[in-house]
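Q: Based on what follows, work out the 3D shape:
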Amino acid sequence: ANEVGESFKNLVSTSAYRMSYAIAICYVLADATDKGLKAENVAIAAEMDQAKVGQEHEKNPQFEAAIAAADTLVWQGLASVIIPGYTINRIVWAAKKLSESDAVSKLPPMAKKWAPTLVGLSCIPFIVHPIDTGVTMLLENTIRHLY
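A: Numbers count the residues shown, from 1 in each chain. Have a look, this model is predicted:
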């Protein structure tokens, strides 16, 4: 959502732009909560299965939930909000500077107004996979070693 907000930043009100970030952050929080609850349920089920056969369970369900939620929060925060938002922001900024330059002075005013937004929107599909892959690699080589 925030990538779309960044793309439309020059055309919409500040509150609409900020709302796109609020929506994206709500998604991140909901996904982290969902992943945490699922991890807790898996750990509880494993604990119950091991208790049936007389084995002691070594994992704390609440700890597993916290780890899953925190991991998702960091991954989603970077891959869904921070990095794409910054990337589209810079692309739209560059497109706006270009559309305002003398190099494209013959463009109609409406084209100059909408060009940065259209460039930003058209770049979104191309940035998703590289960002997701990069964030996964970053976490695998840093904080995921801790748990």
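
Q: Lowest mean pLDDT among the helices and strands of the chain, which one is it?
A: Ranked by mean pLDDT, DSSP states H and E, the weakest helix or strand in the chain is helix 14-52, scoring a mean of 94.

Q: mind checking how far A16 is from A45?
A: Applying Cβ to Cβ, to the nearest Å, the value for A16 to A45 is 44 Å. In short, each C-beta sits where N, CA and C put it, glycine included.

Q: To clarify, my last question referred to D102.
A: Taken as Cβ to Cβ, the span from D102 to A45 is 66 Å.

Q: Show me which of those two is the more surrounded one.
A: A45 (11 against 6; other Cβ atoms under 10 Å).

Q: mind showing which ranges of the chain have poor pLDDT?
A: Along the chain, segments meeting pLDDT under 70 span 57.

Q: Just the helices from it, written as ranges.
A: Assigned by DSSP state H, the chain shows helices spanning 2-7, 14-52, 61-76, 83-100, 109-140.

Q: For the ones you listed, give me JSON lines that also has distance to L146.
A: JSON lines is the format used below for the helices of the chain (distance: least, Cβ to Cβ, whole Å):
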{"stretch": "helix 2-7", "distance to L146": "28"}
{"stretch": "helix 14-52", "distance to L146": "16"}
{"stretch": "helix 61-76", "distance to L146": "9"}
{"stretch": "helix 83-100", "distance to L146": "21"}
{"stretch": "helix 109-140", "distance to L146": "10"}
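
Q: ok, now how distant is the residue nearest the centre of the chain from Y147?
A: Centroid-nearest residue in the chain, with Cα atoms, centre = their mean: S80, separated by 0.8 Å. Look at S80 and Y147: by Cβ to Cβ, they are 21 Å apart.

Q: One more: E3?
A: Counting by Cβ to Cβ, the separation of E3 from Y147 is 30 Å.

Q: Show me which of these two is the more surrounded one.
A: E3 (24 against 11).
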